[in-house]
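Enquirer: fold the following for me, if possible:
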Amino acid sequence: LARNEARLQEERAAQEQRHQELQSIVDSRFAEISEASAQAVAAAGEAAQAERAKNEAQLRALHCLQKLMARPDAAAVFQGFDTDGDGTVSRAELQEGLRKMNLTLTEVQMDAMMALVDEDGDGSVDYSEFARMGQMKEELARNEARLQEERAAQEQRHYEESAATASRLQELQSMQAEQA
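Expert: Residues are numbered from 1 along each chain as shown. Down below sits the predicted model:
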């Protein structure tokens, strides 16, 4: 009887040891999943923020172009931007000219501006590219509407992804609590 009782105690101790080992594995896995979920949420947030910043830069560039092209003296303004008289407006000349018009742009916004107006990608805007900007008013308005729609859709996706991740994390926490 004493041997049976000792054996039962050993089996209980072994079971308790296995249970603790399994609980440790579950806890470790839960921590890994929680960390991965938190990283995924952070990465999705950062990506959404970067995309929003890019869209905002494009919108700001579009607004500046619209203001510039709405001027009746736009051609004269272009010539005024061409400070070195070479018939083209460099990025620096464009940025300085816009600044003088109280249209200050960040580097990211200037990148967006140049992407819109520098059709041949040579780093400067010649008069023909500038003239085509004037003809692009409707296209600029469509681009602005498209960018705003993309921004709204992206914000909705980010919200849905965050909600799904939070829900999954809550499920995992509930499962861990049930196993404990």
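Enquirer: please name the nearest non-neighbouring residue to Phe81.
Expert: Gly97 (3.6 Å; Cβ to Cβ, 6 or more residues apart in numbering). From N, CA and C alone the C-beta is placed, and that goes for glycine too.
Enquirer: pretty sure the one you found sits against Arg91.
Expert: No. The pair Gly97 and Arg91 does not pass the contact test of Cβ atoms under 8 Å, sitting 10.8 Å apart.
Enquirer: number of residues surrounding the closest residue to Val117 other than its chain neighbours?
Expert: The shortest distance from Val117 to any residue other than its chain neighbours is 5.1 Å, reached at Val125 (Cβ to Cβ, 6+ apart). The local packing count at Val125 equals 26, with neighbours defined by other Cβ atoms under 10 Å.
Enquirer: longest helix anywhere in this structure?
Expert: Looking across the chain with DSSP state H, the single longest helix is helix 2-69.
Enquirer: could you say what helices and strands it packs with?
Expert: Under the contact criterion of 3 or more Cβ pairs under 8 Å, 6 or more residues apart in numbering; DSSP states H and E, helix 2-69 touches helix 107-117, helix 127-135, helix 137-179.
Enquirer: one more time with 6 Å, if that's ok
Expert: Using 3 or more Cβ pairs under 6 Å, 6 or more residues apart in numbering; DSSP states H and E as the contact criterion, the secondary-structure elements in contact with helix 2-69 are helix 107-117, helix 137-179.
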